[in-house]
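Asker: Here's a sequence, model it:
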Amino acid sequence: MSSAPAQHDAPTDTTPDGSDEAHAFTELGLRAELLGALAALGYEEPTPIQREAIPPLLEGRDLLGQAATGTGKTAAFALPLLNRMPAHRQGGDPVALVLVPTRELAVQVSEAFHRYGKDLGARVLPIYGGQPIGRQLRALDSGVDVVVATPGRALDHIARGTLRLGGLATVVLDEADEMLDMGFAEDIEAILEHAPAQRQTVLFSATMPGRIDGMARQHLREPVRIEIGREQQVAGEAPRVRQSAYIVTRAHKPAALGRVLDVESPTAAIVFCRSREEVDRLTETMNGRGYRSEALHGGMSQEQRDRVMGRLRAGTADLLVATDVAARGLDVEQLTHVVNYDVPSAPESYVHRIGRVGRAGREGVAITLAEPREHRMLKTIERVTGQRITIDKIPTVADMRTRRLELTQGALRESLLEDDLDPFRVIVETLTDEFDLMEVALAAVKLAHEVTSPGSDDEEEIPQVPVRGPREGRPEAGGRGGDRRGGGRPRGGGNTAQVFIGLGRRAGVRPQDLVGAITGETGISGRDIGSIEIADRFSLVEVPQGVADEVIAGLRGSTIKGRKATVRRDRGGDR
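Answerer: So this is what the prediction gives:
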């Protein structure tokens, strides 16, 4: 097996407009349509996995890549795949198949393909359980270029004869270890048997257990090996920084960021985003929440960037939303917080970012908003830096109300100590002729609170996402050895619930069907699912108590093996 280990290049200086000459996408040999799409999306430079993977994939090489979620893997395989595909292709059968473990990831990868390949007329179809199969059948019949599918649903279409793989040029296994954990090993093997022998095969995995290496030896031909984010010592002493992370779904990230900043009350903060588009969107959102936010990215002129930095240093702005490239070399004296709106694509990037605070003996704060699937990358960063990243809970509505009351109290205390209040004495004296002094004070505090704390008291709660347990020592999920899946308990020890599902062996239900349905319809991981028992007419699945209602609601709105099922908490004796 050939090897091409990744080289982690040091950051380079940028040109005045924020572009990175040494590591621009133009250096990778991509066609003009793709470069135009990347520029429109605000992508300024390739991540390490993209720099290493795109050239060999453009050459048609097989590839085995180890990289965690959040490192830019999707673009690493999508861009070369689209680059090799004829523009505005007319053929009916797909030329590429991407297998992913969950419905959520299928949608995300499909959206990425659409964004990158729009000028090429790329036809991309996500296929997953819980979606009406009729829509998928019509799309396949009219012709597609790229299919992004979960293994179970892909195999269903292959068996129906509606997904024909004879024209495939490339097969991508994304998050391969996740798929094996969820019990999809046999499905993947069956799918690969239907694919042409002379194809390009790409396998990405966050970890490389023996079974992944065995799959690579069996299905990849002399693959290029790339390893990103392995345990390497990062040069330089770590700064004094309190590091924490919040696990939050993508849809709730803006609200979660606002709440965390409301609680932290930074003097000045930098929020790092991946693209210009995200910078602009988030800046507008945070301004709407009352923050004095400024955007900084490579699409701005040097004059614009200088004005932004001037406002930040002068204190007329307190939140800078920026891309990595644009923020390189910045040194803001009053900076107290660094926020990673996404998990950085490499541990080195994380170290460089948090090094902007905690200087001169002061403690800084580094906050990371991680999507559930990015939890592994946090663990990689911990190993590389040798420092712990605490997983905190997102502030609740009650937490925010308490915090706003504290701010009101602080503002009133400051006014009592420092302000000249005599001009208002006559108002108090007049009101106390009619009302009790305490009532007058309460009314004044209420008005002050509404002015100093404009946050809404009717905000919705942000769902708390269960954190994955440790990977080591957990048996494979959805194994074929029997109808009962053993293994570790869901996170939280005995604080679990059993979910009753009114389908069992007679409906052809397998453990991997249940795991795939739950992870596809909810935000929890396969590792948070405990034992699974499948009887003739029903199944029982053990899940953390705190997410049982979410699992029940998700399964009620979907299908398992194409059938609707009764789903509720298990009541034991009335089965």
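
Asker: So Asp559 versus Ala139, what's the distance?
Answerer: To be clear, residue 559 is Thr; Asp isn't right here. 18 Å (C-beta to C-beta, to the nearest Å). Every residue, glycine included, has its C-beta placed from N, CA and C.

Asker: cool, Asp318 as well?
Answerer: For Asp318, the distance to Ala139 - C-beta to C-beta - is 47 Å.

Asker: Next: Ala346.
Answerer: As judged by C-beta to C-beta, Ala346 and Ala139 stand 36 Å apart.

Asker: more neighbours, the two?
Answerer: Each of Ala346 and Ala139 has its neighbours counted (other C-beta atoms under 10 Å); Ala346 has more, 27 against 17.

Asker: Would you map out the domains in the protein?
Answerer: Split into domains by automatic domain parsing, the chain comes to 25-227, 241-392, 397-452, 484-569.

Asker: how about these in TSV, adding distance to Pro463 and mean pLDDT?
Answerer: Below are those laid out as TSV (distance: least, C-beta to C-beta, whole Å; pLDDT from 0 to 100):
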stretch	distance to Pro463	mean pLDDT
domain 25-227	14	90
domain 241-392	7	85
domain 397-452	12	85
domain 484-569	7	79
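
Asker: now the ones you listed in JSON lines, with distance to Val465?
Answerer: Formatted as JSON lines, these follow (distance: least, C-beta to C-beta, whole Å):
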{"stretch": "domain 25-227", "distance to Val465": "12"}
{"stretch": "domain 241-392", "distance to Val465": "4"}
{"stretch": "domain 397-452", "distance to Val465": "17"}
{"stretch": "domain 484-569", "distance to Val465": "5"}
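
Asker: Tell me which of those domains lies nearest to Ile462.
Answerer: domain 241-392 (4.8 Å; C-beta to C-beta).

Asker: next one: the closest one to chain centre, how far?
Answerer: 16 Å (C-alpha atoms, centre = their mean, to the nearest Å).

Asker: With stretch 512-525 instead?
Answerer: So, by C-alpha atoms, centre = their mean, the centroid of stretch 512-525 is 17 Å from its chain's centroid.

Asker: cool, stretch 143-152 as well?
Answerer: Distance of stretch 143-152 from the chain centroid (C-alpha atoms, centre = their mean) equals 22 Å.

Asker: Next, the buried residues of it.
Answerer: Under the neighbour-count criterion of 16 or more other C-beta atoms under 10 Å, stretch 143-152 has 144-152 buried.

Asker: which one of the residues you listed is nearest Thr285?
Answerer: Nearest to Thr285 among these, with distances taken as C-beta to C-beta, is Val148, at 28.4 Å.

Asker: circling back to that earlier point, out of the buried residues of stretch 143-152, give me the two with the largest separation.
Answerer: The widest separation within those (C-beta to C-beta) is 22.4 Å, between Asp145 and Gly152.

Asker: Roughly how far does the residue with the largest distance to the centre of the chain sit from Leu421?
Answerer: Within the chain, the residue lying farthest from the chain centre (C-alpha atoms, centre = their mean) is Asp433, at 59.7 Å. According to C-beta to C-beta, Asp433 and Leu421 sit 19 Å apart.

Asker: How is Arg61 assigned, secondary-structure-wise?
Answerer: coil (DSSP: H, G, I helix; E, B strand; the rest coil).

Asker: gap between the closest residue to it other than its chain neighbours and Gly355?
Answerer: Setting aside the residues directly before and after it, Arg61 is nearest to Val224 in space (C-beta to C-beta, 6 or more residues apart in numbering), at 5.2 Å. The spacing between Val224 and Gly355, counted by C-beta to C-beta, is 32 Å.

Asker: Then Glu533?
Answerer: Separation of Glu533 from Gly355 (C-beta to C-beta): 50 Å.

Asker: do the same with Ile518
Answerer: According to C-beta to C-beta, Ile518 and Gly355 sit 40 Å apart.

Asker: So which of the two has more stuff around it?
Answerer: Higher neighbour count among Ile518 and Gly355: Ile518, with 28 against 17, using other C-beta under 10 Å.

Asker: got a list of what that one touches?
Answerer: Going by C-beta atoms under 8 Å, 6 or more residues apart in numbering, Ile518 touches 524, 529, 541, 543, 551, 554-555.

Asker: ok but it is inside a helix, no?
Answerer: Yes: under three-state DSSP, Ile518 sits within a helix.

Asker: before we move on, the earlier item: what about the buried residues of stretch 143-152, which are in strands?
Answerer: 146-149 (DSSP state E).

Asker: what's the closest of these to Thr162?
Answerer: Closest approach to Thr162 among those (C-beta to C-beta): Val147, at 10.7 Å.

Asker: beta partners of the closest one?
Answerer: Leu97, Leu125 (DSSP bridges).

Asker: pLDDT score for Gly236?
Answerer: For Gly236, the pLDDT comes out at 40.

Asker: how about the helices in the stretch 251-400 of the chain?
Answerer: 253-264, 276-288, 302-314, 324-327, 347-354, 375-385, 397-418 (DSSP state H, counting those that start in this stretch).

Asker: quick one, which of those is nearest to Pro511?
Answerer: Going by C-beta to C-beta, the one of these nearest Pro511 is helix 375-385, 22.7 Å.

Asker: where along the stretch 451-575 of the chain do the strands fall?
Answerer: 484-485, 496-501, 532-534, 539-544, 567-569 (DSSP state E, counting those that start in this stretch).

Asker: Of all these, which one is nearest Arg276?
Answerer: Closest approach to Arg276 among the strands of the stretch 451-575 of the chain is made by strand 539-544 (38.2 Å; C-beta to C-beta).

Asker: contact partners of that closest one?
Answerer: Residues outside strand 539-544 that contact it (C-beta under 8 Å, 6+ apart) are 466, 489-492, 495-501, 503-504, 509, 514, 518, 524, 528-533, 551, 570.

Asker: Can you flag the buried ones in the residues you listed?
Answerer: 466, 489-492, 496-501, 503-504, 509, 514, 518, 524, 528-533, 551, 570.

Asker: Skipping adjacent residues, who's closest to the residue nearest the centre of the chain in space?
Answerer: Closest residue to the average C-alpha location of the chain: Glu371 at 3.4 Å, with C-alpha atoms, centre = their mean. Nearest non-adjacent residue to Glu371, counting by C-beta to C-beta, 6+ apart: Arg250, 5.7 Å away.

Asker: Is there a neighbour count for that neighbour? I'd like the number.
Answerer: Arg250: 14 neighbours (other C-beta under 10 Å).

Asker: can you check Arg281 too?
Answerer: Arg281 has 15 neighbouring residues, counting by other C-beta under 10 Å.

Asker: I'd like the numbering to begin with 7 instead of 1 from here.
Answerer: Noted, 7 is the first residue going forward, which turns the last one into Arg287.

Asker: check contacts around it.
Answerer: Taking C-beta under 8 Å, 6+ apart, one finds nothing in contact with Arg287.

Asker: same thing but at 10 Å, please
Answerer: Neighbouring residues of Arg287 by C-beta atoms under 10 Å, 6 or more residues apart in numbering: 260, 279, 281, 301, 327.

Asker: Just the ones of those residues in strands?
Answerer: 279, 301, 327.

Asker: Quick one: which of those residues is the most crowded by neighbours?
Answerer: Neighbour-wise, the ones in strands among the contacts of Arg287 (other C-beta under 10 Å) top out at Val327, 29 neighbours.

Asker: Perfect, I'm done here.
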